[in-house]
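> Build me a model from this:
(2 chains)
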Amino acid sequence: EPEVTQTPSHQVTQMGQEVILRCVPISNHLYFYWYRQILGQKVEFLVSFYNNEISEKSEIFDDQFSVERPDGSNFTLKIRSTKLEDSAMYFCASTGGGSYEQYFGPGTRLTVT
Amino acid sequence: GIQVEQSPPDLILQEGANSTLRCNFSDSVNNLQWFHQNPWGQLINLFYIPSGTKQNGRLSATTVATERYSLLYISSSQTTDSGVYFCAVGTGTASKLTFGTGTRLQVTL
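I've put the predicted structure just below:
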């Protein structure tokens, strides 16, 4: 069964550093998403991406964040200058295979020290 | 935006017991999904159920869209069912999911 994959599974970075989180969505999907979950809290929407542009973003998704689909398979989330409060689990999701069901990747746990 | 409430927030069961988790939402939806978050943090997709009833083994779910709620039933619970259960809803074409705050389930021997 097709699945969404994410790399790395865990990343530790120092405050102020740039990080890129990578996702490979399901191949025939057209809509892509990033969500994050701070430890012990609920999952929050960050951004959605369709047709090579951002379709919606939350207030969390400020100028420090960017997304890109650099080729036909990868979907990336970049945080330019990480802060301690960016420490969270980041989930990628995709949909578009004929229903609205979103398929989630296993997540990347980002720790900012 | 849409509000999603889950109840109860915490639930402790003995192995073999049955349980019902509830998700209320404040607006019409065209997507509703139930997830189980395992101890490693992964979100396991249980059901895509914007309306109607589905069953998968010991789990089943019902969404009554007109009354804006969904129920997740777990029968004959096992310790591996422990974790957090999230309900998430979407309101437009391939729109974002809004998650509830979850129900934390602990199944004991």
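> ok, the residue sitting furthest away from the middle of chain A - contacts?
Ranked by distance from the centre of chain A (C-alpha atoms, centre = their mean), the top residue is residue A:98, with 22.0 Å. Contacts here follow C-beta atoms under 8 Å, 6 or more residues apart in numbering or on different chains; on that basis residue A:98 touches nothing. All C-beta spots, glycine's among them, are computed from the backbone N, C-alpha and C.
> now residue B:33
A:101-102, B:45-49, B:87-89, B:97.
> Neighbouring strands - and their directions - for the helix or strand hosting it?
Here residue B:33 sits within strand B:31-37, counting by DSSP states H and E. Sheet partners assigned to strand B:31-37 using DSSP bridges are listed as strand B:43-48 (antiparallel), strand B:83-90 (antiparallel).
> The residue positioned nearest the centre of chain A and chain B, how far apart?
Nearest to the geometric centre of chain A sits residue A:34, at 3.4 Å (C-alpha atoms, centre = their mean). Residue A:34 sits 10 Å away from chain B, taking C-beta to the nearest C-beta, to the nearest Å as the criterion.
> Please type out the PyMOL selection for whichever of the contacts of residue B:33 turn out to be buried.
The buried subset of the contacts of residue B:33, as determined by 16 or more other C-beta atoms under 10 Å in any protein chain shown, is captured in PyMOL by this line:
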select buried, (chain A and resi 101+102) or (chain B and resi 46+47+48+49+87+88+89+97)
